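**Student:** sequence and predicted structure, then a few things I'm wondering about:
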Amino acid sequence: MTSKARVLFVCTANAARSQLAQALLRHTDSEHFEAFSAGTTPTQVDPRTFEALSHIGVSTEGLRSKSIDEFRGEHFDYVITLCDKAAAECLSLPGAGEALAWSFEDPVTSTKPDAFRHTLHEIHERIKMFVLVKNKH
């Protein structure tokens, strides 16, 4: 494979889940994948997102909340939604190769202790599996 597969992670606010996924994919396999994230109604990156990533030594460089509109007209090999609301809103994203819907609880609104670390771990496990499966061509 000569060029990297482009992956866009989408959630509603682009504050936590899609940011975590972008940073984790970049950290896990930047040799084969180029990771991006966006929100259907972006806000700001939650500070706990940065804390959770920094805690496990993952770079948070360049992470900012952006609208999916920034990526209109671009091609992505994979568009991965991380919540049901984004999945419903992203079905018609032009330029998307394979669309995948992963659903994770939003740590921003969660009442669970260590919600960010828990979500980070769940997303990391899924990303490791994704990388393993998609690198087998």
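**Tutor:** The structure has been received and is ready for your questions.
**Student:** please make it C-alpha for all contacts and neighbour counts, starting now.
**Tutor:** Will do.
**Student:** please identify the buried residues of the longest helix belonging to the chain?
**Tutor:** Criterion DSSP state H: the longest helix present in the chain is helix 115-134. Across helix 115-134, burial judged by 16 or more other C-alpha atoms under 10 Å covers 115-117, 119-121, 123-124, 127.
**Student:** elements contacting the helix or strand of the chain with the lowest mean pLDDT?
**Tutor:** Within the chain, no helix or strand scores below helix 84-89, which has a mean of 75 by mean pLDDT, DSSP states H and E. Judged by 3 or more C-alpha pairs under 8 Å, 6 or more residues apart in numbering; DSSP states H and E, the packing partners of helix 84-89 are strand 5-11.
**Student:** put the alpha carbons of the strand it packs on into PDB.
**Tutor:** Written as PDB, here are the backbone C-alpha positions of strand 5-11 (Å, rounded to 0.1, in the frame of the first residue of the first chain):
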ATOM      1  CA  ALA A   5      -5.900   5.200   4.200                       C
ATOM      2  CA  ARG A   6      -7.700   8.300   5.200                       C
ATOM      3  CA  VAL A   7     -10.000   7.900   8.200                       C
ATOM      4  CA  LEU A   8     -12.500  10.400   9.500                       C
ATOM      5  CA  PHE A   9     -14.000  10.000  13.000                       C
ATOM      6  CA  VAL A  10     -17.200  11.800  13.600                       C
ATOM      7  CA  CYS A  11     -19.300  12.400  16.700                       C
END
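**Student:** tell me which residues in the helix or strand that comes right after the least confident helix or strand of the chain are buried?
**Tutor:** Scanning forward in sequence from helix 84-89 by DSSP states H and E, the next helix or strand is strand 96-101. Buried positions in strand 96-101, judged by neighbour count with 16+ other C-alpha under 10 Å: 96, 99, 101.
**Student:** what's the answer for stretch 70-81, then?
**Tutor:** Going by 16+ other C-alpha under 10 Å, stretch 70-81 has these buried residues: 71, 75-81.
**Student:** got it, and stretch 57-74?
**Tutor:** Buried-residue list, stretch 57-74, by 16+ other C-alpha under 10 Å: 58, 60, 63-68, 71.
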